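A.B. asks: give me a 3D structure for the following:
(one chain, ligands or ions: 1)
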Amino acid sequence: MVDPEAPSTAPETATTNGSGAPTMPTVELDASPLPPPTPPTPVRDVIIIGSGPAAHTAAIYAARAERRPLMFEGMLAAGVAAGGQLTTTTEVENFPGFPGGLSGPELTDRFRAHSIDAGTDILTETVASVDASSRPFKVTTEWGTTHAAHALIIATGATARRLEIPGAGEAGPEAYWQRGVSACAVCDGAAPVFRNKPLAVIGGGDTAMEEALFLAKYGSSVTIVHRRDELRASKVMQRRALAHPKVRIAYSAAVDQAKGDGKLLQSVVLKDLKTGAAAEQPCNGLFFAVGHVPNTAFLGGQVKLDADGYILTTPGSTRTSVDGIFAAGDVQDKQWRQAVTAAGSGCMAAMELEHYMAQLGERQPQEEPASAEPVTAESVPV
Ligand SMILES: Cc1cc2nc3c(=O)[nH]c(=O)nc-3n(C[C@H](O)[C@H](O)[C@H](O)COP(=O)(O)OP(=O)(O)OC[C@H]3O[C@@H](n4cnc5c(N)ncnc54)[C@H](O)[C@@H]3O)c2cc1C
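C.D. replies: As a prediction, this is how the structure comes out:
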């Protein structure tokens with residue numbers, strides 16, 4: 001972890017000796033106890049930004065290919081702990097290799113341990129900006145330190161939108177987030193607490209329809225709660241949802257409150273937005289299907305995004321609009337959004353990285369850890 005009190009950029013005294021190797025910066029001794037100078041930035045083969053299944057899978061593959069990746073795992077980036085969205089869930093029961101399931105934080109701890117074991121260096125910092133205008137690429141953290149790499153893998157994920165509804169939050173005994181309230185029906189819907197119970201989905205798009213149909217396999221009924229008097233979902237998805245005997249739609253309605261017994265969610269208060277009338281109805285599972293926010297703001301428009309802010313990648317590939325920058329996981333995928341699909345695209349990114357590095361001039365893998373022989377960003381020909 002980098003000291004936040006440290007100087008914000010590499011010192012100007014860092015120089016090279018003409019062969020590309022650095023000489024030690026000149027330090028003038030004086031009486032005041034100054035913090036030590038930040039070491040010159042070593043140019044890495046690859047910097048990975050993010051820390052979910054996509055980032056860690058990319059890191060494991062890149063490390064095994066002797067690229068000595070540097071990962072910025074984020075410091076509560078986008079409000080999510082390092083490790084990604086899985087840190088916000090209790091049980092993960094669909095990741096291969098773990099029959100019986102395991103907790104989200106335990107799985108992400110295992111991802112991290114595996115990455116380190118393979119040879120990844122991890123910094124617990126959030127990336128504030130990227131400079132893709134010249135090579136090597138520069139990555140600057142929120143603490144102001146700048147690092148450089150020949151290639152970047154962006155795996156910063158997306159954050160599921162949650163609604164601020166009394167009782168649906170995380171804090172306090174009457175807060176039922178992950179105790180009946182979820183932002184991922186496909187992930188949590190099959191849990192025993194939802195079996196043969198009345199459930200509700202908030203949303204009006206295709207995702208809400210899909211989630212309702214998925215939940216209808218398990219629950220006794222599913223109410224889709226939608227603010228407007230018509231759905232946004234495609235006609236075909238609407239037809240499917242409406243045709244299902246267990247699914248009903250509460251139009252022009254909103255969930256006003258989530259209520260429970262101190263342990264689990266038991267009911268919701270539904271408000272009719274046209275009349276203002278409120279009614280409590282039994283509900284043991286409340287699922288938000290109100291979209292995701294991709295974590296791409298720090299890219300500052302240098303990589304092409306779609307209208308919703310997701311990184312655009314070449315179909316069947318993790319290549320972005322900038323040669324040498326790859327994107328993996330939910331930050332470029334608004335369709336599948338699962339840990340295993342994110343991990344799969346992380347693997348693709350690392351393999352495409354290998355092709356890219358080969359094209360860069362058949363550069364040999366590093367024999368020494370990059371951190372053992374730092375060079376300045378300016379000293380390495382690309
Ligand atoms: C409540 C919930 C439960 C879920 N349960 C399951 C399940 O059971 N099974 C399943 O397969 N999927 C589940 N999912 C979906 C799964 O978590 C995601 O599909 C998956 O985590 C996406 O992985 P990712 O690698 O793309 O990124 P994420 O998991 O989104 O991680 C990205 C990470 O990058 C960090 N980051 C963001 N910006 C920066 C930055 N600028 N600098 C540094 N770091 C940054 C973030 O802090 C975050 O930690 C669930 C999702 C949610 C919300």
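A.B. asks: what's the single longest helix in the protein?
C.D. replies: Longest helix in the chain, counting residues (DSSP state H): helix 339-359.
A.B. asks: now the helices for this protein?
C.D. replies: Using DSSP H, the helices of the chain run over 53-64, 104-118, 185-188, 206-215, 235-243, 339-359.
A.B. asks: any weak-confidence spans in the stretch 101-250 of the chain?
C.D. replies: The stretch 101-250 of the chain contains no residues with pLDDT under 70.
A.B. asks: mind listing the residues bridging to residue 159?
C.D. replies: When assigned by DSSP bridges, residue 159 has beta-bridge partners residue 293.
A.B. asks: any stretches of the stretch 251-382 of the chain with poor pLDDT?
C.D. replies: For the stretch 251-382 of the chain (pLDDT under 70), the answer is 362-382.
A.B. asks: give me the residue from it nearest the ligand.
C.D. replies: Going by CB to the nearest ligand atom, the ligand is nearest to residue 329 of the stretch 251-382 of the chain, at 2.3 Å. Every residue, glycine included, has its C-beta placed from N, CA and C.
A.B. asks: once you drop chain neighbours, what's closest to that residue?
C.D. replies: Closest residue in space to residue 329, ignoring its immediate chain neighbours: residue 54 at 2.7 Å, by CB to CB, 6 or more residues apart in numbering.
A.B. asks: relative to the ligand, how far out is that neighbour?
C.D. replies: According to CB to the nearest ligand atom, to the nearest Å, residue 54 stands 3 Å off from the ligand.
A.B. asks: what about the one residue in the stretch 101-250 of the chain that gets nearest to the ligand, distance to residue 55?
C.D. replies: For the stretch 101-250 of the chain, the residue closest to the ligand is residue 157, as judged by CB to the nearest ligand atom, at 1.9 Å. Distance from residue 157 to residue 55, counting by CB to CB, to the nearest Å: 8 Å.
A.B. asks: between those two, point out the one with more neighbours.
C.D. replies: A count of neighbours by other CB atoms under 10 Å puts residue 55 above the other of residue 157 and residue 55, at 37 against 32.
A.B. asks: so what's the residue positioned nearest the centre of the chain up against?
C.D. replies: Computing the C-alpha centroid of the chain and ranking residues by CA atoms, centre = their mean puts residue 157 first, at 2.4 Å. Applying CB atoms under 8 Å, 6 or more residues apart in numbering to residue 157 gives the contacts 50, 52, 54, 78, 80, 84-85, 294-295, 329-331, 342.
A.B. asks: which bits of the stretch 51-200 of the chain sit near the ligand?
C.D. replies: Within the stretch 51-200 of the chain, the positions near the ligand by CB under 6 Å from any ligand atom are 51-55, 72-74, 77-78, 80, 82-86, 88-89, 92, 94-95, 126-127, 155-158, 160, 182-184, 187.
A.B. asks: got the phi and psi for the residue of the stretch 101-250 of the chain closest to the ligand?
C.D. replies: Per-residue torsions, residue 157: phi 70, psi -170 (degrees, to the nearest 10).
A.B. asks: check the one 4 residues further on too.
C.D. replies: For residue 161, the backbone dihedrals (degrees, to the nearest 10) come out as phi -70, psi 140.
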